[in-house]
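Undergrad: Below are the sequence and a predicted model; questions follow.
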Amino acid sequence: MTIRKKTADEIRATVMEGYSKIAGGEVAFARSPAAGGCCGPNSGACTPSTDPTAFAASIGYSPEELKLLPDGVNLGLSCGNPAAIAALEPGQHVLDLGSGAGMDAFLAGPKVGPRGRVIGVDMTPAMLHKARANARSYAQRSGLSNVEFRLGEIEHLPVADASVDVVFSNCVLNLSPDQGQVWREIARVLRPGGRVAISDLALLRPLPAEVTGMVEALVGCVAGAALVEQIEEWMRSAGLIEVALVRKPEYVASVMSFEDPLYQRILEHLPAGHTPADYITSLDIRGRKPLLRTPSRCC
């Protein structure tokens with residue numbers, strides 16, 4: 001059977017529908033694995049049946065920082081990134097791609113402090129509404145007003161050229177139908193010397209067509225994942241340097257330990273003796289925009 005490849009507009013519509021339902025906490029959607037998924041435990045059902053705090057802790061978030069988050073921010077959609085947030089410095093301006101309900105943006109806010117700025121960008125209005133509501137709670141708890149959220153696609157960022165020091169993202173780039181364009185946008189908005197710190201799902205080898213054609217695998221951050229080598233090529237083509245891609249196999253192991261139904265379905269379509277970990281990995285992605293060259297003086 002030939003599986004028709006979705007168009008870019010169809011991919012965006014599918015992703016937006018899935019994440020709108022996550023933002024709204026629709027019970028009917030959560031009970032229907034066929035309706036779509038999300039990055040996180042029990043992603044085939046979209047809403048984790050396990051405690052999202054436990055899952056976040058299993059991939060590196062500390063219990064102390066999770067306790068500081070506004071209620072309802074942690075939707076169990078992560079696949080990494082706490083180390084990237086921990087490395088932020090006071091006064092930096094940072095950009096969170098696909099910021100969702102604001103979890104990583106709110107963790108970044110205290111790191112950059114009152115002189116810094118955190119901008120979250122998300123294309124789903126329901127998520128943006130949720131994040132802005134959470135921002136009020138964040139301001140009350142932290143005493144900071146340094147986090148804002150903007151509606152937009154990560155392929156066309158509503159951010160000025162050379163205006164941010166760090167771009168980070170957590171399990172989002174794989175949802176884009178044009179990841180090469182995303183990397184060009186990242187390079188555009190970074191200041192010279194600015195850096196990239198992203199966690200995403202990537203492929204070690206191509207997945208069977210039966211998996212990439214699954215709707216829940218698309219919204220579940222699997223079907224749109226790119227090969228590790230392709231990600232590096234996109235980054236270098238965008239002009240980034242000091243590119244480093246570190247595989248984090250513990251993410252897939254953690255998801256499998258939570259008996260995620262999406263990954264159980266993926267397993268059914270793999271050759272005998274293979275597991276999702278043979279195909280899918282969490283990836284820590286690092287890079288930097290080159291500094292501007294100072295013209296040499298002559299004579």
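TA: That came through, no problem.

Undergrad: use CA for all of it now, contacts and neighbours both
TA: Will do.

Undergrad: May I have the phi/psi pair for Trp183?
TA: phi -70, psi -30 (degrees, to the nearest 10).

Undergrad: need the contact list for it.
TA: Trp234, Met235, Ala238 (Cα atoms under 8 Å, 6 or more residues apart in numbering).

Undergrad: Can you tell me the SS state at the second one?
TA: Per DSSP: H, G, I helix; E, B strand; the rest coil, the local secondary structure of Met235 is helix.

Undergrad: Isn't it up against Val243?
TA: Yes. Met235 is in contact with Val243 according to Cα atoms under 8 Å; the separation is 7.4 Å.

Undergrad: Find residues that contact each of those two.
TA: Taking Cα under 8 Å, 6+ apart as the criterion, Met235 and Val243 both touch Gly287.

Undergrad: Between these two, which is the more surrounded one?
TA: More crowded of Met235 and Val243, by other Cα atoms under 10 Å: Met235, with 26 against 16.

Undergrad: residue boundaries of the strands in the chain?
TA: Applying DSSP state E to the chain gives strands spanning 93-97, 117-122, 147-151, 164-170, 190-203, 226-227, 241-248, 280-288.

Undergrad: Throw those strands into TSV and include mean pLDDT and distance to Arg265, thanks.
TA: As requested, the strands of the chain are exported to TSV (pLDDT from 0 to 100; distance: least, Cα to Cα, whole Å):
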stretch	mean pLDDT	distance to Arg265
strand 93-97	96	28
strand 117-122	96	28
strand 147-151	96	33
strand 164-170	94	23
strand 190-203	94	17
strand 226-227	92	20
strand 241-248	94	22
strand 280-288	92	14
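
Undergrad: so where is the stretch 1-150 of the chain shaky, pLDDT-wise?
TA: Counting by pLDDT under 70, the stretch 1-150 of the chain has low-confidence residues at 1-6, 9-83, 86.

Undergrad: hmm, try it at 80
TA: For the stretch 1-150 of the chain, applying pLDDT under 80 flags the ranges 1-86.

Undergrad: which one of the strands of the chain is the most hemmed in?
TA: Greatest average neighbour count among these goes to strand 93-97 (a mean of 27), per mean count of other Cα atoms under 10 Å.

Undergrad: thought Ile119 was touching Ser145?
TA: No. Look at Ile119 against Ser145 with Cα under 8 Å: they stay out of range, at 11.5 Å.

Undergrad: joint contacts of these two?
TA: Counting by Cα under 8 Å, 6+ apart, nothing touches both Ile119 and Ser145.

Undergrad: who does Ile119 bridge with?
TA: Leu95, Glu148 (DSSP bridges).

Undergrad: which residues does it contact?
TA: Taking Cα under 8 Å, 6+ apart, one finds His93, Val94, Leu95, Asp96, Ala105, Val147, Glu148, Phe149, Arg150 in contact with Ile119.

Undergrad: Count residues in the vicinity of the fifth one, would you?
TA: If you count neighbours by other Cα under 10 Å, Ala105 ends up with 29.

Undergrad: So it versus Pro125, what's the distance?
TA: 17 Å (Cα to Cα, to the nearest Å).

Undergrad: now the third one
TA: Counting by Cα to Cα, the gap between Leu95 and Pro125 amounts to 18 Å.

Undergrad: quick one, phi psi at the residue nearest to Gly116 when sequence neighbours are not counted?
TA: What sits nearest to Gly116 in space, not counting adjacent residues and going by Cα to Cα, 6 or more residues apart in numbering, is Gly91, at 3.8 Å. The phi/psi pair for Gly91 (degrees, to the nearest 10) reads phi 90, psi -10.

Undergrad: Hmm, Gly91 is touching Gly109, no?
TA: No. Gly91 is not in contact with Gly109 according to Cα under 8 Å; the separation is 10.1 Å.

Undergrad: Now the common contact residues for those two.
TA: Gly116, Arg117.

Undergrad: Settle it for me: which of these two has more neighbours?
TA: Gly109 (28 against 14).
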